[in-house]
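Novice: Here is a sequence together with a model predicted from it:
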Amino acid sequence: MVRKSFVAAAASAIAAAAQVRAISAASPAIAQTSSGLASLRNVNAGELNVAYADVGPRDGKAVVLLHGWPYDIHAFEDVAPLLAARGCRVVVPYLRGYGPTRFLSSSAVRNGEQAAFAFDTIALMDALKIERAIVGGFDWGSRTANIMAALWPQRCSAMVSVSGYLITNLAANAKPLPPKAELGWWYQYYFATERGRTGYAEYRHDFNKLIWQIASPKWKFSDATYDRTAQAFDNPDHVDIVVHNYRWRLGLAKGEPKFASAEEKLQQSLVIAVPTVTIGSDFDGANIGGAAYRKLFSGPYAHRELTGIGHNVPQEDPQAFAQAILDAAKLS
């Protein structure tokens with residue numbers, strides 16, 4: 001599928017929205033369209049000046065969509081206009097260490113621990129005066145949405161989480177897996193070494209393209225599609241954030257004291273009561289059905305299984321991801 005450039009003309013976006021409304025009126029399922037995100041905005045929020053896209057009516061139901069590694073906001077390029085056409089305000093930020101998002105202070109710790117991203121997103125919502133939002137994401141974005149729903153349920157009206165419950169429990173994460181399962185996380189051990197840090201800094205373009213291919217083997221993305229996202233990895237803090245994230249998960253790097261209380265709570269495998277739709281894809285293997293994490297969601301709940309789809313669900317199947325957001329809204 002050929003997607004439009006990141007900066008879409010306003011007239012084209014309006015036309016696409018009208019098309020989606022017309023098709024959606026005839027069918028309960030969301031129709032596919034190929035419209036881009038709006039022009040980037042910037043706002044100071046917490047430790048960051050956050051670059052973000054803001055699509056749809058400002059008085060619409062708020063939706064915050066969160067990407068993971070090694071991806072960027074283009075993962076939601078086709079999801080955002082689908083939701084905007086249904087009256088949602090869709091905010092899609094570049095995470096710390098990605099794209100034009102920058103730390104406000106040169107002395108700020110380039111921290112990639114899990115809680116930091118959730119605090120960033122709450123700060124962004126505060127800066128945009130968004131009291132409550134549907135939060136959705138994949139990879140790091142799923143983990144961030146999970147943490148927000150666990151620690152700030154009053155700020156989350158509903159949640160969509162690819163791969164289900166991803167809050168890292170450090171004690172559980174320290175236990176070794178069978179060799180075949182460990183093989184899937186080879187890059188975490190690479191990042192644990194200084195050679196890995198140097199290698200990622202030098203080869204990040206090819207490295208992350210390999211991750212895309214491994215995580216989504218059936219997704220035939222073009223070089224242009226990847227290269228557009230790869231620009232986000234040129235952020236000056238990207239390598240530090242990525243390396244710290246994975247070293248922290250392995251217990252090889254410390255977090256910041258200001259997040260210690262939150263992390264202590266997160267180590268208790270908090271049950272999430274926020275209305276939730278989880279999505280399992282081929283990436284999840286034997287756990288595509290989500291049985292391993294079902295008990296960790298106590299509120300209204302639904303699960304979707306997508307076969308033939310890899311890890312980057314919103315970009316590989318934007319229609320299904322957008323529909324999950326709308327279905328989650330109905331649960332709330």
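Specialist: Thanks, I have the structure now.
Novice: Helix or strand with the lowest mean pLDDT in this structure?
Specialist: Lowest on mean pLDDT, DSSP states H and E among the helices and strands of the chain sits helix 10-26, with a mean of 35.
Novice: After that one, which helix or strand is next?
Specialist: Later in the chain than helix 10-26, the nearest helix or strand by DSSP states H and E is strand 41-45.
Novice: Pull out the buried residues from that following strand.
Specialist: Residues of strand 41-45 classed as buried under the neighbour-count rule (16 or more other Cβ atoms under 10 Å) are Ala45. Glycine gets a C-beta too; all of them are placed from N, C-alpha and C.
Novice: Which strands and helices lie in contact with it?
Specialist: strand 48-55, helix 114-127 (3 or more Cβ pairs under 8 Å, 6 or more residues apart in numbering; DSSP states H and E).
Novice: Need the residues that contact it.
Specialist: Contacts to strand 41-45, defined as Cβ atoms under 8 Å, 6 or more residues apart in numbering, come from residues 49-54, 100, 104, 120, 123-124, 126-128.
Novice: switch the cut-off to 7 Å
Specialist: Strand 41-45 is contacted by residues Asn49, Val50, Ala51, Tyr52, Asp54, Leu104, Ala123, Leu124, Asp126, Ala127, Leu128 when judged by Cβ atoms under 7 Å, 6 or more residues apart in numbering.
Novice: got a list of what the first one touches?
Specialist: The reference is to Asn49. Asn49 touches Asn42, Thr101, Arg102, Leu104, counting by Cβ under 7 Å, 6+ apart.
Novice: Now the residue nearest to it when sequence neighbours are not counted. Its backbone dihedrals?
Specialist: Counting by Cβ to Cβ, 6 or more residues apart in numbering, Asn49 lies nearest to Arg102, which is 5.0 Å off, once chain neighbours are set aside. Arg102 adopts backbone torsions of phi -140, psi 150, taken as degrees, to the nearest 10.
Novice: Put the buried members of the contacts of strand 41-45 into a PyMOL selection.
Specialist: In PyMOL, this line selects whichever of the contacts of strand 41-45 come out buried by 16+ other Cβ under 10 Å:
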select buried, resi 50+51+52+54+123+124+128
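Novice: From Leu95, how far out is the residue nearest to Asn49?
Specialist: Distance of Arg102 to Leu95, given as Cβ to Cβ, to the nearest Å: 12 Å.
Novice: Of those two, which one has the most company?
Specialist: A side-by-side neighbour count of Arg102 and Leu95, using other Cβ atoms under 10 Å, places Leu95 first with 29 against 20.
Novice: what's the nearest residue to that one once chain neighbours are set aside in contact with, if anything?
Specialist: The shortest distance from Leu95 to any non-neighbouring residue, by Cβ to Cβ, 6+ apart, is to Phe117 (6.0 Å). Phe117 is in contact with Leu95, Arg96, Trp140, Thr144, counting by Cβ under 7 Å, 6+ apart.
Novice: Which of the residues you listed sits closest to Thr193?
Specialist: Using Cβ to Cβ, Trp140 is the member of those that sits closest to Thr193, with 21.3 Å.
Novice: who's in contact with that closest one?
Specialist: Gly68, Trp69, Leu95, Phe117.
Novice: Quick check: the third one is in a strand.
Specialist: Meaning Leu95. No - read with DSSP: H, G, I helix; E, B strand; the rest coil, Leu95 is coil and lies in no strand.
Novice: Mind pulling up the pLDDT for it?
Specialist: Leu95 carries a pLDDT score of 98 in this model.
Novice: Now do the same contact list for it.
Specialist: Applying Cβ under 7 Å, 6+ apart, the residues contacting Leu95 are His67, Thr101, Phe117, Trp140.
Novice: could you measure it against Ala118, distance?
Specialist: From Leu95 to Ala118 the distance is 11 Å (Cβ to Cβ).
Novice: try Ala230
Specialist: Shown here: Ala230 relative to Ala118, a distance of 26 Å by Cβ to Cβ.
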